[in-house]
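> Just a sequence and a predicted model for now, questions to come.
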Amino acid sequence: MLRQLADMLLTSPTMRDRVLLQLETEPPDRWPTSEDIVHLSQLPSDPDDWDFTPRGAG
């Protein structure tokens, strides 16, 4: 299910590939949650545009 969610929501090929690789190579306790994937999908496709301000700050 997480793989399908990542395929559907992550428009950045680099981010999608990184999440899919993590799902394939890491143990399940190190996998991103569905909430993590949804949050990643809301980031701009261009990493140069990402805002790394912690949630709740500012």
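Structure received. Numbering: from 1, shown residues only.
> Identify each buried residue in the longest helix belonging to the chain, please.
Secondary structure of the chain per DSSP state H: the longest helix is helix 13-25. Across helix 13-25, burial judged by 16 or more other C-beta atoms under 10 Å covers 15-16, 19, 23. The C-beta positions use only the backbone N, C-alpha and C, and glycine is treated the same way.
> Run through who's touching that helix.
By C-beta atoms under 8 Å, 6 or more residues apart in numbering, the list of residues contacting helix 13-25 from outside reads 2-3, 6-7, 10, 30-32, 37, 40, 43, 47.
> which of those are buried?
Neighbour counting with 16+ other C-beta under 10 Å marks 2, 6, 10, 32, 37, 40, 43 as buried within the contacts of helix 13-25.
> Correct me if wrong: the last one contacts residue 12.
Just to be clear, that refers to residue 43. Yes. Counting by C-beta atoms under 8 Å, residue 43 sits close enough to residue 12 to count as a contact (7.4 Å).
> now the buried residues of helix 13-25 in CSV, with pLDDT?
Written out in CSV, the entries for the buried residues of helix 13-25 read as follows (pLDDT from 0 to 100):
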residue, pLDDT
15, 85
16, 90
19, 91
23, 93
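> possible to save the contacts of helix 13-25 as a markdown table with pLDDT and secondary structure?
What follows is those, written out as a markdown table (pLDDT from 0 to 100; DSSP: H, G, I helix; E, B strand; the rest coil):
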| residue | pLDDT | secondary structure |
| --- | --- | --- |
| 2 | 90 | helix |
| 3 | 93 | helix |
| 6 | 91 | helix |
| 7 | 91 | helix |
| 10 | 89 | coil |
| 30 | 91 | helix |
| 31 | 91 | coil |
| 32 | 91 | coil |
| 37 | 90 | helix |
| 40 | 86 | helix |
| 43 | 75 | coil |
| 47 | 63 | helix |
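> What sits closest to residue 3 if chain neighbours are left out?
For residue 3, ignoring the flanking residues on the chain, the nearest one in space by C-beta to C-beta, 6 or more residues apart in numbering is residue 23 at 5.6 Å.
> Understood, closing this out.
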